[in-house]
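> Curious how this folds, go ahead:
(one chain, ligands or ions: 2)
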Amino acid sequence: MHLLLTHLTHLTFMTTILAIESSCDETAASVCGDGKILSNIIASQKVHEQYGGVVPELASRAHIQNIIPVVNAALQIANCKLSSVDAVAFTQSPGLIGSLLVGAQFAKSLALSLNKPLIAVHHMQAHVLANLIANEKPSFPFLCLTVSGGHTQIVLCESPARMKVLGETIDDAAGEAFDKSAKLLGLPYPGGPLIDKYARQGNPDRFHFPEPQIPGLDFSFSGLKTSILYFLRNAGKSNLYKEEFMATEDDRKEFIQNNLPDICASIQQRIVTILLNKLKKASVETGISDICLAGGVSANSGLRKAFEEIGKKYKWKTFIPAFEYCTDNAAMIAITGYYKYMEKDFSDLSVTVSAKAEW
Ligand code: KG4
Ligand code: ZN
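Numbers count the residues shown, from 1 in each chain. Ligands and ions are numbered 1, 2, ... in the order given. Below you'll find the predicted structure:
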């Protein structure tokens, strides 16, 4: 027994990557050994809840407080010494500049002091590659619908290094559509998980919201937001603006209170059909049937269920990362870092962070 333990504690890997993610309001670190995730630590920032959204300055300050304990915990849980780290990966873009800077400067200092390569990672590409963490992986080329608080994209992934955005939102992201709808319903931020929760008890066919007609593989969610706004202002009479339909404040509140599960289920169903109809179109156009989900909104139970159903119907091979790899995390940065390490795709210490990302 003692021998076995000694053996386990000295597991060595050919390639050990330490990864840091700090693009928004989660400070996260992960260690990956030969493509296997050994630890995945996330410190979420509660400070933003009271403001109904992420406050960039507060996010940067919280990252500064969290980063050392989070990295130490990731190393400890992975049973990894700093001297065993072969490269340091970090999120370079896109994100909040102040937040990105904290992770980037930390990663650069660490890489410099360890004299190991630095790997700059594109956060949205990392969401896609989270699908390569599980043992059962999609085959290349695959399609990925990435749905998060800031992005909605259909990505064609030809290899870990070659990706192309086939379609994306022209206004709000899917996560924003959930969060803004929740706000209109008087639910706290982030409202996406709450809409999911109430929708489970509701009838998705009770209320009808229009599907936008956007050409190609692009998405739009701003029209849906407007129709939900009028629908609630009219206390469910219509989703069009008409002076005579306007309800009193009390009637609106009562309408929401009495119909919350059905309203949430109907909103969720419309967001899900907007997403999956485009994904179906992308599969038909490319002939690709290995299809993945990624990003925070892929935690939505309605989307997961409808995705599996459509997959069965059209004989797709479907993949969804484990829940902890869907929302922002450093394991996805670590797995991307691992593939980049294999290609010797390293960054110079002069690399800068960027709010917007090039593909
Ligand atoms: O990927 P993510 O963690 O962060 C970004 O990079 O944006 O995504 C966060 C988004 C938020 O808009 C949140 O409301 C949404 O994901 N979200 C959900 C659910 N869980 C998280 N939306 C709907 N249903 C959920 N269960
Ligand atoms: Zn994200």
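
> Let me see the backbone angles for H123.
phi -60, psi -40 (degrees, to the nearest 10).

> just checking, it touches F90?
No. Counting by Cβ atoms under 8 Å, H123 does not reach F90; the two are 10.2 Å apart. Yep, even glycine has a C-beta here, placed from its N, CA and C like the rest.

> which residues do the two both contact?
Here H123 and F90 have E21, I333 as joint contacts, going by Cβ atoms under 8 Å, 6 or more residues apart in numbering.

> Now do the strands in the stretch 201-350 of the chain.
290-294, 317-319 (DSSP state E, counting those that start in this stretch).

> related to what we said a few turns ago, quick check on H123 and F90: which one has the bigger neighbour count.
Under the criterion of other Cβ atoms under 10 Å, the comparison of H123 against F90 puts F90 first, with 31 against 23.

> Can you say which of the strands of the stretch 201-350 of the chain is nearest to S60?
Distance to S60, taken as Cβ to Cβ, is lowest for strand 290-294 among those, at 25.6 Å.

> Show me what that closest one is packed up against.
Where contact means 3 or more Cβ pairs under 8 Å, 6 or more residues apart in numbering; DSSP states H and E, strand 290-294 is packed against helix 123-129, strand 142-147, helix 301-313, strand 317-319.

> tell me the angle the longest helix belonging to the chain makes with strand 142-147.
Looking across the chain with DSSP state H, the single longest helix is helix 249-286. When axes from the mean of the first three to the mean of the last three Cα atoms, to 10 degrees is applied, the directions of helix 249-286 and strand 142-147 differ by 170 degrees.

> thinking again about what came up before, single out the most deeply packed of the strands of the stretch 201-350 of the chain.
strand 290-294 (a mean of 25; mean count of other Cβ atoms under 10 Å).

> what's around whichever residue of the stretch 251-359 of the chain sits closest to ligand 1, how many residues?
Among the residues of the stretch 251-359 of the chain, G296 lies nearest to ligand 1; the distance is 2.1 Å by Cβ to the nearest ligand atom. G296 has 25 neighbouring residues, counting by other Cβ under 10 Å.

> Settle this for me: it is touching G149, isn't it.
Yes. G296 lies in contact with G149 (Cβ under 8 Å); the separation is 5.9 Å.

> Between the two, which contacts overlap?
G175, G192.

> Torsion angles phi and psi at S39?
Torsion angles, degrees, to the nearest 10, at S39: phi -160, psi 150.

> mind listing what it touches?
Neighbouring residues of S39 by Cβ under 8 Å, 6+ apart: A29, S30, V31, A73, A74, L75, Q76, I77, A78, C80.
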